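1. Okay, structure incoming, though there's no sequence with it:
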DNA sequence: AATGAATGAGGGTTCATTCAT
DNA sequence: GATGAATGAACCCTCATTCAT
């Protein structure tokens, strides 16, 4: 990007830091309320109890505040804080637990994820950002698939990376449909049932043998 | 929608029909070039070799032209024209063929599908439109899954609708990633390899027995 | 006015005359429906069952059709067709009868009069037109006031022209308020009561003696 | 009215107040010069020495500035500041004085009143506004007529409200004709002569006896 | 640091009028 | 004569960004 007319260094004073935080919080509120495109800087500033001009003390433009807001969410998604699983050897249980953790993270960040999705379809830079997040998931899951194959627990004929992409996408999209898309039947299925169903498809797809499924 | 000040009847003359077609074609070109949001009506008119005002003879606004453009694509996706399969009893072959057909349709409409996705994330009406298209896929696939279960060929413990959603989403997203997302590795895998991989995961997930897989 | 690019002679054929009449009638309908400013030539043409272009065969622009429509009304107002009065010597009765006739004419043309008023406040040429109509009333009434003064029946200290203007305006405005302005109490008073009241004020103002009032 | 996307609060700073005032003044100038319909917001802004956008800092649209401008005038008309009358018991003198005051107010605001009239014939909301002003006059005068009747000084057979409407309209219209309509003979009669004539007709119409006329 | 007024480019839309068929 | 498509000037309004205080 071109060098900005005004630099935007981290705030020097403690008060400055607090003000900046207020702006980020306000931005999140506004973005969740009206989406990225319809969010006006005036609204964000007002929500933060600041004037228009002050916004520019902390951020050069809308994009940058959004980046700040988005980062919070990205982290929560990538490290959702999974519960412990009793038997580490029970592949199915592990898969289900991590899917469940992911679903919960989506649920927590539903509104903002919707906005992120919008932004990704509007601004190439953010498209790249989400792509990287996805990539991270793909790599991670590909690694564990390859691992299972190595241990003779998964269909060796599957390409790990393609499989990872497909299954990750599957979980991601279903989650999106349930928590973020238009509210429809989402209540007819509990999050646990969802996790169970997805986990079963995941392990089926990999042809995980029943003996490694805690049966 | 409120009734517009100016009606927009179908063109009365052959010339009118031609012009309208030119406009739709021009719109498609512009949308594919710069996306929905950045497309200006002036650009579309100019691309069609018309003046600004002429646009309004045929469409009340950007949304409506886009709807006209989108419809063409939607139809192609829903009825991609699948090749014949030698053995109708070979479930895997059937699945693979229809996935391949879908992938080809995506490939044909790649640029526009990307725009559709953008629009769906920006305008609720189009969100609804894409939702309906997805729904159609879900229903269709759920029916065939239930059918396979009834014939004892698919894991009976799977919920047909959830499974359909998950697998449809899987195929849809992977296709999107390959043809529409940022151009990356998409050439390292051929469309046929992709179809093969996805089909395998699909049948694996349903636990289709090998005897119904033409092996 | 500048010489028009296309002349607009009276239609040559009988069919032409009929078409022109249809246009005028349609214009009246549209003007009464939406007023002058909001009337679009397309609407008028359509209402007449013609195409936009055809309009210009008969009128050079909106103003001219309106002039044609307005003329009809102007005549009705100026020559409302008054009933016979039993005793020509009863000044009050004569005044009341002509006021009543005027009120009826207003009532008949209410919608269009409202539009005329609008137009008079928007286009100087039509302002002049209404002014001339008013002037005609003023002169006419001034003459009859002067006549009454000459016969010793009216307050001789009144200036005939000023008095005429004032009283004519009085009747005109009250009529406007009752028939054309926003519909309010207009039903609580019958047109005859209105005529009676106005006539009384008119003769009072002129100090017509009771002996010339049929008492 | 629907809540606007942008609020328009009273200016927060002294400078803001000054600018707003400048804008109102400029609007008045432009409205008086070209009328309501032909006034373009750009003109108003430019007249105020501001850019287009600045207009919207203070008003959401043309209508609202006009409302601001109109209010000033309305007040002046309703409270024209009447001179003292020597003998309060001299009904004629009182009537004449208040008519004179009204005429002066009209004279002061002539150009703008013409525009107000135009606007009232174009926008229902302003029609209502002027209607309310008229109503106020009607009520006020009706009260004083009823009062005179109660004191045996006015023709008891007259309906106070109808009479008030008629006489108020008479004065209003004559004033309009002299100061606001097309400039014609308005100089041949002085404002005082006009007031005298109208007052005489007013008291004549009510049949105020000579003894209550200071004779 | 904060404020809020000022800027102005940019896009959508309307509709009287013209013109080729 | 009739048709209806084509034109394009004209105006409104938004809002990210700058700037004087």
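-> All right, it came through fine. Note that the structure is predicted; figures quoted are calculated from it, not measured.
2. Whatever helix or strand residue A:142 lives in - contacts with which helices or strands?
-> According to DSSP states H and E, residue A:142 maps onto helix A:124-150. Helix A:124-150 sits against helix A:62-78, helix A:110-120, helix A:160-179, with contacts defined as 3 or more Cβ pairs under 8 Å, 6 or more residues apart in numbering or on different chains; DSSP states H and E. Bear in mind the C-beta positions are built from the backbone N, C-alpha and C, glycine included.
3. any idea of the mean pLDDT for the last one?
-> The average of the pLDDT scores along helix A:160-179 is 95.
4. Could you tell me which residues within the helix or strand following it count as buried?
-> Once helix A:160-179 ends, the next helix or strand along the chain (criterion: DSSP H and E) is helix A:191-206. Across helix A:191-206, burial judged by 16 or more other Cβ atoms under 10 Å in any protein chain shown covers A:191, A:194-206.
5. pLDDT-wise, what's the bottom of these?
-> Lowest pLDDT among these: residue A:191, 91.
6. mind giving me the domain ranges of chain A?
-> When chain A is parsed with automatic domain parsing, its domains come out as A:1-60, A:73-212.
7. From the chain's centroid, how far away is the shortest one?
-> Which is domain A:1-60. Averaging C-alpha positions (Cα atoms, centre = their mean, to the nearest Å) puts domain A:1-60 23 Å from its chain's average.
8. before we move on, what about stretch A:106-126?
-> With Cα atoms, centre = their mean, you get 8 Å for stretch A:106-126.
9. how about that stretch, does it reach DNA strand F?
-> No: using Cβ under 7 Å from any atom of the strand, stretch A:106-126 stays clear of DNA strand F, with a minimum separation of 12.5 Å.
10. end-to-end on that stretch?
-> 18 Å (Cα to Cα, to the nearest Å).
11. Contact distance from chain B - what residues of chain A qualify?
-> Residues of chain A lying close to chain B by Cβ under 8 Å from any Cβ of the partner chain are A:37, A:117-118, A:121-122, A:127-128, A:131, A:155, A:157-159, A:162-163, A:165-167, A:169-174, A:177, A:181-182, A:189, A:194, A:197-198, A:200-202, A:204-207.
12. buried stuff in the helix holding residue A:142?
-> For helix A:124-150, a neighbour-count test (16+ other Cβ under 10 Å) marks A:126, A:129-130, A:133-134, A:137-138, A:141-142, A:144-146, A:148-149 as buried.
13. The helix or strand that contains residue A:24: what's the following helix or strand?
-> Per DSSP H and E, residue A:24 falls inside helix A:14-34. Next helix or strand after helix A:14-34 toward the C-terminus (DSSP H and E): helix A:41-47.
14. just to revisit the earlier point, which one of the buried residues of helix A:124-150 is nearest residue D:17?
-> Residue D:17 lies nearest to residue A:126 out of the buried residues of helix A:124-150, by Cβ to Cβ, at 42.0 Å.
15. can you tell me how far that closest one sits from DNA strand E?
-> Going from residue A:126 to DNA strand E by Cβ to the nearest atom of the strand, to the nearest Å gives 21 Å.
16. Next: residue A:207.
-> Between residue A:207 and DNA strand E the computed distance is 52 Å (Cβ to the nearest atom of the strand).
17. what's the neighbour count on that residue?
-> Using other Cβ atoms under 10 Å in any protein chain shown, residue A:207 has 18 neighbouring residues.
18. Repeat that for residue A:209.
-> Neighbours of residue A:209 (other Cβ under 10 Å): 13.
19. Can you classify the closest residue to it other than its chain neighbours by secondary structure?
-> Nearest non-adjacent residue to residue A:209, counting by Cβ to Cβ, 6 or more residues apart in numbering or on different chains: residue A:153, 6.6 Å away. Put simply, residue A:153 is coil when judged by DSSP: H, G, I helix; E, B strand; the rest coil.
20. And for the one 5 residues further on?
-> Under the three-state scheme (three-state DSSP), the conformation of residue A:158 reads as coil.
21. That one: neighbour count?
-> Neighbours of residue A:158 under the rule other Cβ under 10 Å: 23.
22. what sits against it?
-> Neighbour list for residue A:158: A:145, A:149, A:206, B:197, B:200, B:201 [criterion: Cβ atoms under 8 Å, 6 or more residues apart in numbering or on different chains].
23. Of these, which is the nearest to residue C:105?
-> Closest approach between the contacts of residue A:158 and residue C:105, by Cβ to Cβ: residue B:201, at 85.5 Å.
24. gap between the closest residue to that closest one other than its chain neighbours and residue A:154?
-> Excluding its sequence neighbours, the residue lying closest to residue B:201 (Cβ to Cβ, 6+ apart) is residue A:205, at 4.5 Å. Using Cβ to Cβ, to the nearest Å, residue A:205 is found at 9 Å from residue A:154.
25. Show me what residue of chain A gets nearest to DNA strand E.
-> Nearest residue of chain A to DNA strand E, counting by Cβ to the nearest atom of the strand: residue A:53, 1.7 Å away.
26. before we move on, which element is that residue in?
-> Counting by DSSP H and E, residue A:53 is part of helix A:52-58.
27. and of the helices and strands packed on helix A:124-150, who's closest to chain D?
-> For chain D, the closest of the helices and strands packed on helix A:124-150 is helix A:62-78, at 16.7 Å, according to Cβ to the nearest Cβ.
28. could you point out which element follows that closest one?
-> Counting by DSSP H and E, the next helix or strand C-terminal to helix A:62-78 is helix A:91-108.
29. For chain A, what lies in contact range of DNA strand E?
-> Residues of chain A found near DNA strand E (Cβ under 7 Å from any atom of the strand) are A:11-13, A:15-16, A:19, A:50-54, A:56-58.
30. and if we set it to 6 Å?
-> By Cβ under 6 Å from any atom of the strand, the part of chain A that sits against DNA strand E consists of A:11, A:12, A:13, A:16, A:19, A:50, A:51, A:52, A:53, A:54, A:57.
31. Using a markdown table, please lay out these together with distance to residue D:111.
-> Converted to a markdown table, these look like this (distance: Cβ to Cβ, whole Å):
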| residue | distance to residue D:111 |
| --- | --- |
| A:11 | 56 |
| A:12 | 58 |
| A:13 | 57 |
| A:16 | 55 |
| A:19 | 51 |
| A:50 | 44 |
| A:51 | 40 |
| A:52 | 38 |
| A:53 | 40 |
| A:54 | 44 |
| A:57 | 48 |
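32. Let's have these in TSV, adding neighbour count and pLDDT.
-> Supplementary listing: these in TSV, determined by neighbours: other Cβ atoms under 10 Å in any protein chain shown; pLDDT from 0 to 100:
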residue	neighbour count	pLDDT
A:11	15	77
A:12	8	74
A:13	8	85
A:16	14	86
A:19	18	92
A:50	17	94
A:51	11	94
A:52	12	93
A:53	8	93
A:54	13	94
A:57	14	94
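33. which secondary structure elements does the worst-scoring helix or strand of chain A on mean pLDDT contact?
-> Lowest by mean pLDDT, DSSP states H and E among the helices and strands of chain A is helix A:62-78, with a mean of 90. Helix A:62-78 sits against helix A:14-34, helix A:41-47, helix A:91-108, helix A:110-120, helix A:124-150, with contacts defined as 3+ Cβ pairs under 8 Å, 6+ apart.
34. can we see that at 7 Å?
-> With contacts taken as 3 or more Cβ pairs under 7 Å, 6 or more residues apart in numbering or on different chains; DSSP states H and E, helix A:62-78 sits against helix A:14-34, helix A:91-108, helix A:110-120, helix A:124-150.
35. Would you reformat those as a markdown table and include distance to residue B:107?
-> Listed next are the helices and strands packed on helix A:62-78 as a markdown table, based on distance: least, Cβ to Cβ, whole Å:
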| stretch | distance to residue B:107 |
| --- | --- |
| helix A:14-34 | 34 |
| helix A:91-108 | 30 |
| helix A:110-120 | 22 |
| helix A:124-150 | 20 |
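36. ok, now which ones touch the residue in chain A positioned nearest to chain D?
-> Closest contact between chain A and chain D, by Cβ to the nearest Cβ, is at residue A:42 (8.0 Å). Listed by Cβ atoms under 7 Å, 6 or more residues apart in numbering or on different chains, the contact partners of residue A:42 are residue A:52.
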